[in-house]
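[1] Structure, please.
(chains A, B, C and D)
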2 protein chains.
Amino acid sequence: MSERRARASTVDKRNRLLDATEEIMLRDGYAAVSSRSVAARVGINPPLVHYYFATIDDLFVAVLRRRSLRNVARMAEALAAAEPLTQWWRLASDPRGSALFIELIAAANHRPALRAEVGEVAREVREMQIERLRSLLPEYGIDPEAIAPALVAAAMQGLAFGLVQDQGAGYDTATADAAAGMNRLLSRLEQRRAAAVSGS
Amino acid sequence: MSERRARASTVDKRNRLLDATEEIMLRDGYAAVSSRSVAARVGINPPLVHYYFATIDDLFVAVLRRRSLRNVARMAEALAAAEPLTQWWRLASDPRGSALFIELIAAANHRPALRAEVGEVAREVREMQIERLRSLLPEYGIDPEAIAPALVAAAMQGLAFGLVQDQGAGYDTATADAAAGMNRLLSRLEQRRAAAVSGS
DNA sequence: CCAAAGTTAGAACGATTGTTCAAACTTTTC
DNA sequence: GAAAAGTTTGAACAATCGTTCTAACTTTGG
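    Alright, predicted model coming up:
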């Protein structure tokens, strides 16, 4: 029952394949990911990609898993930080991270194996955010009855994705104004919360 | 200089090709659009698609143009309606329309010819919305200095896209709660505006 | 009715895709 | 050092893609 262990170069190569896949997704879109393109970027032969990831679906799923593990942890940290909404926004509007997730979501739309994984990550993160917002919104002076936690969470996500997408594509949709407006709104909210918390 | 006119069946066939393309995009994603798949759905031979649309890029651009012409007009109507924000939201959160635009945006990410067109439509619509919000926000009791018009516009768009995307993909991200929350918020805002306008 | 223009069918091209297979090479284990 | 397992290579497969070409067919204008 003593299983032979994988060689040191293998686990490293798996990571290099995932890195290469992410880079291709960010540069040319998920549609440009293929056994050949990934292999070329890492400097190996195309069929070898299938040695490490049996199918291209498995490759996408692995990219999602590695990325979302980091991201779920970071989101938990942000929600527990001193200025939760600001930290959340900073994480959500990170260009690289969001652009990659946008590509993964787009890819998942016609890759059932990916879709299930993306759905699970989305559900987990959203649940975490909504749960935190329940106690957080009142601290920011927002009535959860007037502005529902689920609405705030969906708006944060949608807004961040929209800005990253438009900015990345070079669309002239006043993204700078929107981002500046968001930052003003956030600092005002954080001030309000700081005052309320210190005064209680 | 008397140019021979196209036959009656031609303009009809162009529209049927665009219809088929939209249906394929909604059902299987933009990546499933090809000369063959579109031709099969219309019941003609693949090369004939290229007789009507020289390249697949031209086909996508034509789909975008036809759709956005309707959409820009509808958005202008919504912004001029009795309950502008509600009408805007109803238009933005229309599942079919938004799902199609999401596919077009995704396709544009690696089709330069499409990207320019999508960018122009996005810019035009956003400009229209922001301009309208400048006078509209105060009527809703919102200070444009506190919540920037560009931020509201981007949030509306991002929120709608996010909800349609998650709902279409079947992701369990509390979309029903968010949509219900949005409707409550909207009706409250419309009430506030109606009171302010009638009282002035 | 006939020539010109618009439309369609069919075959075919080169390129790319995911994946498989058998054979070779390399490292580990005993 | 030999056997076994892990790794890599190279060739090849069937399928799909966008697109082009030529020849045929159909409608229109005069």
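
[2] Figure out the helix or strand that A:Ala82 lives in.
    For A:Ala82, there is no enclosing helix or strand under DSSP states H and E.

[3] Equivalent analysis for A:Val152, please.
    A:Val152 belongs to helix A:149-169, assigned by DSSP H and E.

[4] Report all helices and strands that whatever helix or strand comes next after that helix contacts.
    Per DSSP H and E, the first helix or strand lying C-terminal to helix A:149-169 is helix A:175-199. If you count contacts as 3 or more Cβ pairs under 8 Å, 6 or more residues apart in numbering or on different chains; DSSP states H and E, helix A:175-199 packs onto helix A:84-92, helix A:112-139, helix A:149-169, helix B:149-169. C-beta: built from backbone N, CA, C; applies to glycine.

[5] Skip ahead from the shortest one and say which helix or strand is next.
    Of the helices and strands lying after helix A:84-92 in sequence (DSSP H and E), the nearest is helix A:95-108.

[6] What are the buried residues along that following helix?
    A:97-108 (16 or more other Cβ atoms under 10 Å in any protein chain shown).

[7] now do stretch A:27-39
    A:29-31, A:33, A:35, A:37-39.

[8] about what we covered before: which of the helices and strands packed on helix A:175-199 sits closest to DNA strand D?
    helix A:112-139 (17.1 Å; Cβ to the nearest atom of the strand).

[9] Is the closest one in proximity to chain B?
    Yes: for helix A:112-139 and chain B, the contact criterion (Cβ under 8 Å from any Cβ of the partner chain) is met by A:115, A:118-119, A:122-123, A:126-127, A:130.

[10] quick one, that helix and helix A:149-169 angle?
    120 degrees (axes from the mean of the first three to the mean of the last three Cα atoms, to 10 degrees).

[11] Any residue of helix A:112-139 touching DNA strand C?
    No: using Cβ under 7 Å from any atom of the strand, helix A:112-139 stays clear of DNA strand C, coming no nearer than 9.6 Å.

[12] Work out the gap between that helix and the centre of the chain.
    12 Å (Cα atoms, centre = their mean, to the nearest Å).

[13] packing partners for it?
    helix A:56-80, helix A:84-92, helix A:95-108, helix A:149-169, helix A:175-199, helix B:149-169.

[14] one more time with 6 Å, if that's ok
    Helix A:112-139 is packed against helix A:56-80, helix A:95-108, helix A:149-169, with contacts defined by 3 or more Cβ pairs under 6 Å, 6 or more residues apart in numbering or on different chains; DSSP states H and E.

[15] I'd like to know which of those lies nearest to DNA strand C.
    helix A:56-80 (4.2 Å).

[16] re earlier: let me have the buried residues of stretch A:27-39 in CSV, extended by secondary structure and distance to chain B.
    Supplementary listing: the buried residues of stretch A:27-39 in CSV, determined by DSSP: H, G, I helix; E, B strand; the rest coil; distance: Cβ to the nearest Cβ, whole Å:
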residue, secondary structure, distance to chain B
A:Gly29, coil, 4
A:Tyr30, helix, 9
A:Ala31, helix, 6
A:Val33, coil, 11
A:Ser35, helix, 17
A:Ser37, helix, 13
A:Val38, helix, 16
A:Ala39, helix, 20
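
[17] Return the member of these nearest to A:Pro84.
    The shortest approach to A:Pro84 among these belongs to A:Tyr30, at 31.5 Å (Cβ to Cβ).

[18] give the contact list for the closest one.
    By Cβ atoms under 6 Å, 6 or more residues apart in numbering or on different chains, A:Tyr30 lies in contact with A:103, A:107.

[19] now the helices and strands packed on helix A:175-199 in TSV, with mean pLDDT, distance to A:Pro46 and mean neighbour count?
    Shown next, in TSV, are the helices and strands packed on helix A:175-199 (pLDDT from 0 to 100; distance: least, Cβ to Cβ, whole Å; neighbours: other Cβ atoms under 10 Å in any protein chain shown):
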stretch	mean pLDDT	distance to A:Pro46	mean neighbour count
helix A:84-92	98	36	20
helix A:112-139	97	21	17
helix A:149-169	98	29	23
helix B:149-169	98	30	23
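
[20] okay if I get the ones you listed as CSV plus distance to A:Arg67?
    Below are these laid out as CSV (distance: least, Cβ to Cβ, whole Å):
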stretch, distance to A:Arg67
helix A:84-92, 13
helix A:112-139, 9
helix A:149-169, 15
helix B:149-169, 18
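
[21] Of all these, which one comes closest to A:Leu186?
    Across these, closest to A:Leu186 is helix A:84-92 (Cβ to Cβ), at 4.9 Å.

[22] the inter-axis angle of the closest one versus helix A:175-199?
    Using the same axes, to 10 degrees, helix A:84-92 lies at 150 degrees relative to helix A:175-199.

[23] With only the CA atoms kept, save helix A:84-92 in CSV.
    The C-alpha trace of helix A:84-92 is given here as CSV (Å, rounded to 0.1, in the frame of the first residue of the first chain):
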residue,chain,number,x,y,z
PRO,A,84,-14.9,46.0,6.4
LEU,A,85,-16.8,47.7,3.5
THR,A,86,-13.7,49.5,2.3
GLN,A,87,-11.6,46.3,2.4
TRP,A,88,-14.3,44.4,0.7
TRP,A,89,-14.4,46.9,-2.1
ARG,A,90,-10.7,47.0,-2.4
LEU,A,91,-10.7,43.2,-2.9
ALA,A,92,-13.6,43.1,-5.2
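
[24] Give me the contacts around it.
    Helix A:84-92 is contacted from outside by A:74, A:78, A:81, A:136, A:156, A:160, A:186, A:190, using Cβ under 6 Å, 6+ apart.

[25] just the residues you listed that are near DNA strand D?
    Counting by Cβ under 7 Å from any atom of the strand, no member of those is near DNA strand D.

[26] farthest pair in those?
    Pairwise over the contacts of helix A:84-92, using Cβ to Cβ, the maximum falls at A:Arg74 and A:Glu190, 18.9 Å.

[27] What's the local residue count around A:Ala195?
    11 (other Cβ atoms under 10 Å in any protein chain shown).

[28] how about the residues of chain A that lie near DNA strand D?
    Going by Cβ under 7 Å from any atom of the strand, the residues of chain A near DNA strand D are A:3-4, A:6-7, A:9-10, A:13, A:44-48, A:51.
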